[in-house]
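Enquirer: Using only what follows, build the 3D model:
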Amino acid sequence: MHCQGSGLIALSTTENTDARAVELGVPVVPIYLRGVYAILPKGSRVPRRGPVEVTIGAPLRFPPGMDYAQATQQLEREIRRLSALSSY
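Expert: Below you'll find the model as predicted:
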C-alpha cells in the first residue's frame, strides 16, 4: 500500500490480523494515521515534534469463511477511503 499516512489494524501487530478476525468473527477497526512519517522517518529512533491526524473508521466485520485475501482487500479499501477524508 503506497500512501503518505499509515494503515493500522487495531487488533494485533501480526500480518495475519485479517485472517484471525475472519476466523474469530471479531470486528476490525480501520485507522488511518497521517503525519507519522514526518515525525518518525524511516531509520529514525527518536520522533520529531509535529502534527499527527488520526482518522478512525467504522468497525468492519467479515463473514465466517470469507476469503482472507478478500478481507484484506476490503480493509485496504477502507483505509484508503479514510486517507481521502484526512484534512491536511
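Enquirer: Quick check, pLDDT for residue 65.
Expert: pLDDT for residue 65: 85.
Enquirer: what ranges do the helices span in the chain?
Expert: Assigned helices in the chain, in chain order: 17-24, 36-39, 68-85 (criterion: DSSP state H).
Enquirer: For stretch 76-88, give the mean pLDDT please.
Expert: 85.
Enquirer: okay, it in PDB with CA atoms only?
Expert: Extracted C-alpha coordinates of stretch 76-88, given in PDB (Å, rounded to 0.1, in the frame of the first residue of the first chain):
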ATOM      1  CA  GLU A  76      -7.200  -1.800   2.400                       C
ATOM      2  CA  ARG A  77     -10.100  -0.100   0.500                       C
ATOM      3  CA  GLU A  78     -11.500   1.300   3.800                       C
ATOM      4  CA  ILE A  79      -8.100   2.600   4.900                       C
ATOM      5  CA  ARG A  80      -7.600   4.300   1.500                       C
ATOM      6  CA  ARG A  81     -11.100   5.800   1.900                       C
ATOM      7  CA  LEU A  82     -10.200   7.100   5.300                       C
ATOM      8  CA  SER A  83      -7.000   8.600   3.900                       C
ATOM      9  CA  ALA A  84      -9.100  10.700   1.500                       C
ATOM     10  CA  LEU A  85     -11.000  12.100   4.400                       C
ATOM     11  CA  SER A  86      -7.900  13.400   6.100                       C
ATOM     12  CA  SER A  87      -7.900  17.200   6.400                       C
ATOM     13  CA  TYR A  88      -4.200  18.100   5.900                       C
END
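Enquirer: List the buried residues for it?
Expert: Buried residues in stretch 76-88, counting neighbours by 16 or more other CB atoms under 10 Å, are found at 78-79, 82-83, 86. For glycine as for every other residue, the C-beta is placed from the backbone atoms N, C-alpha and C.
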